[in-house]
Each structure stands twice: as C-alpha cells, then as structure tokens.
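J.: Let's see this in three dimensions:
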Amino acid sequence: MNNSDNEKLKITKLTDGIKISVKIIPNSSKCEIAGIIDNSLRIKLDVPPIEGKANEKCIKFLSKLLGVPKTSINIISGEKSKNKILYIKGNPEELAAKIYAYKY
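T.: Next up is the predicted model:
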C-alpha cells in the first residue's frame with residue numbers, strides 16, 4: 001500500500017483500540033484485503049452473506065491478520081450490510097500499523 005492509500009483509509013484511533021470502515025465482497029474465490037474504496041478497507045470473503053456467515057468470516061479473517069482474539073472484534077454498525085464499521089480492541093498504534101503494512 002502506498003502513502004496515498006494510507007491517507008484515504010480512515011482509521012479512528014481510540015484509547016483501547018480502533019474503529020475502521022470495511023466493505024465486504026462476499027462469494028469471492030478467496031479471503032483477502034482487496035484495497036481501499038471510499039475510505040473503507042475492501043475485504044473479499046469466500047462465503048455467502050447468509051445467516052451471518054460473512055460477518056463470522058470477516059471477524060475470523062481480521063483476527064488472524066491482526067493477531068488479536070476474535071472476541072476483540074465487534075461490528076458496531078452494518079451487521080446486515082456490506083458496509084460495516086468495526087471496533088477492534090488492542091493497541092491502536094500497533095493495529096493501525098499492521099493494517100497499513102498489509103500488502104495487496
């Protein structure tokens with residue numbers, strides 16, 4: 001990711017974590033971060049958006065990527081939408097650095 005992408009991605013740093021906007025692309029061939037769109041992290045998931053499967057997979061994917069427990073990631077808004085706001089508990093500087101360092 002280059003610096004201009006960093007400026008477009010909106011990460012709100014809080015005292016005990018971060019808030020980040022994500023756009024979910026379900027039914028993809030694999031799980032991956034696919035760039036930034038409209039200040040949101042675009043995440044491709046290999047599951048359909050049925051019965052919360054995409055939400056579960058999103059949390060599991062980000063948990064592994066960021067090295068945090070699944071219980072540290074909560075959907076603040078957009079539970080039934082492709083556009084979501086997530087709260088991720090942890091060191092805000094470390095979490096933001098891991099997201100910015102991801103190569104896609």
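J.: just checking, next helix/strand downstream of the lowest-mean-pLDDT helix or strand in the chain?
T.: Within the chain, judged by mean pLDDT, DSSP states H and E, the helix or strand with the poorest mean is helix 3-8; its value is a mean of 52. The helix or strand immediately downstream of helix 3-8 is strand 11-14, counting by DSSP states H and E.
J.: mind listing what the one residue sitting closest to the centre of the chain touches?
T.: For the chain, the residue lying nearest the average C-alpha position, counting by Cα atoms, centre = their mean, turns out to be V22 (5.1 Å). By Cβ atoms under 8 Å, 6 or more residues apart in numbering, V22 lies in contact with 40-43, 58, 83-86. The way it works is simple: take the backbone N, C-alpha and C, and place the C-beta from them, glycine included.
J.: Mind pulling the model confidence for the closest residue to I75 other than its chain neighbours?
T.: For I75, ignoring the flanking residues on the chain, the nearest one in space by Cβ to Cβ, 6 or more residues apart in numbering is K84 at 5.5 Å. Note on K84: pLDDT of 97.
J.: how distant is the strand ranked longest in the chain from the center of its chain?
T.: Taking DSSP state E as the criterion, the chain has its longest strand at strand 17-25. Mean C-alpha position of strand 17-25 versus that of the full chain (Cα atoms, centre = their mean, to the nearest Å) differs by 4 Å.
J.: can you check stretch 40-56 too?
T.: 10 Å.
J.: got it, and stretch 91-104?
T.: 11 Å.
J.: again with stretch 60-80
T.: Going by Cα atoms, centre = their mean, where stretch 60-80 is centred and where its chain is centred differ by 7 Å.
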